[in-house]
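Engineer: coordinates only, sequence not included:
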């Protein structure tokens, strides 16, 4: 599915979010507290929008973009600063890195698509150094009240229409809408981060609750 929409994936994101996705990625990178010369892992990197935006902020970073979809990464590799990212095709649930390999792990629209959320978070925790930061951007179900009805209608009706119209694959964006509505609430995902061992966990909602950014830190255990 992602291979079929790779060429126009980023364009669809801009139109569906009115360009706000760029600002959300800026917020992800701000929360990540990127260290100069640090090692950064962008998992579920897709076309590498997040990784490439990080490189534009600090060219001293060593950034690995990891994903299962080769076609998405091929598209990203051809774009500005794409040559500065180390692209890797790998399973997010079984990362090929030693423990403590990265200062920061970031992701955009990944967690909603994995079959085992706790394992995905555990792998991110494992490959982080002590004190390292994890930040993820994803869609979440908007609150089920009257005031958020326009947001729910936009998600259910217009997202498949806009995304499908741009990419020619309406099924992919019907999946986006359906999987968002059945995904964890932001508070539930926050609990998942805590259960995975992260400390200093928090989140912030955007776009009427359809988008949330979560973050956490791999804290040094008192017994270590």
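Structural biologist: Structure's in. What do you need? Since we're looking at a predicted model, the values are computed, not measured.

Engineer: Stretch 178-189: which residues count as buried?
Structural biologist: Under the neighbour-count criterion of 16 or more other C-beta atoms under 10 Å, stretch 178-189 has 180, 181, 183, 184, 186, 189 buried. The C-beta positions use only the backbone N, C-alpha and C, and glycine is treated the same way.

Engineer: do stretch 136-144 as well
Structural biologist: 136, 137, 138, 139, 140, 141, 142, 143.

Engineer: Could you do stretch 79-97 as well?
Structural biologist: Buried residues in stretch 79-97, counting neighbours by 16+ other C-beta under 10 Å, are found at 81, 82, 84, 85, 87, 88, 92, 95, 97.

Engineer: Could you do stretch 211-218 as well?
Structural biologist: By 16+ other C-beta under 10 Å, the buried positions in stretch 211-218 come out as 211, 212, 213, 214, 215, 216, 217, 218.

Engineer: Turn the residues you listed into TSV, columns for distance to residue 117 and pLDDT.
Structural biologist: Output for the buried residues of stretch 211-218, formatted as TSV (distance: C-beta to C-beta, whole Å; pLDDT from 0 to 100):
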residue	distance to residue 117	pLDDT
211	18	93
212	14	96
213	16	98
214	11	98
215	16	98
216	14	98
217	19	98
218	17	97
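
Engineer: can you list the residues that contact the helix or strand hosting residue 76?
Structural biologist: Using DSSP states H and E, the element containing residue 76 is helix 70-77. For helix 70-77, the surrounding residues in contact (C-beta atoms under 8 Å, 6 or more residues apart in numbering) are 2-3, 6-7, 9, 45-49, 51-52, 65, 67, 82-83, 85, 87, 89.

Engineer: which strands and helices sit next to the helix or strand that that helix is followed by?
Structural biologist: Per DSSP H and E, the first helix or strand lying C-terminal to helix 70-77 is strand 85-89. Packing partners of strand 85-89 (3 or more C-beta pairs under 8 Å, 6 or more residues apart in numbering; DSSP states H and E): helix 49-57, strand 62-67, helix 70-77.

Engineer: and the last one, which residues are buried?
Structural biologist: So the one you mean is helix 70-77. For helix 70-77, a neighbour-count test (16+ other C-beta under 10 Å) marks 71, 72, 73, 75, 76 as buried.

Engineer: same thing with the first one?
Structural biologist: When burial is assessed from 16+ other C-beta under 10 Å, helix 49-57 yields the following buried residues: 49, 50, 51, 52, 53, 54, 55.

Engineer: Stretch 36-46 now?
Structural biologist: So stretch 36-46, judged by 16+ other C-beta under 10 Å, has buried residues 38, 39, 40, 41, 42, 43, 44, 45, 46.

Engineer: Kindly reformat these as JSON lines containing secondary structure, pLDDT and distance to residue 59.
Structural biologist: Shown next, in JSON lines, are the buried residues of stretch 36-46 (DSSP: H, G, I helix; E, B strand; the rest coil; pLDDT from 0 to 100; distance: C-beta to C-beta, whole Å):
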{"residue": "38", "secondary structure": "coil", "pLDDT": "97", "distance to residue 59": "12"}
{"residue": "39", "secondary structure": "strand", "pLDDT": "98", "distance to residue 59": "14"}
{"residue": "40", "secondary structure": "strand", "pLDDT": "98", "distance to residue 59": "12"}
{"residue": "41", "secondary structure": "strand", "pLDDT": "98", "distance to residue 59": "17"}
{"residue": "42", "secondary structure": "strand", "pLDDT": "98", "distance to residue 59": "16"}
{"residue": "43", "secondary structure": "strand", "pLDDT": "97", "distance to residue 59": "21"}
{"residue": "44", "secondary structure": "coil", "pLDDT": "95", "distance to residue 59": "23"}
{"residue": "45", "secondary structure": "coil", "pLDDT": "96", "distance to residue 59": "18"}
{"residue": "46", "secondary structure": "coil", "pLDDT": "94", "distance to residue 59": "21"}
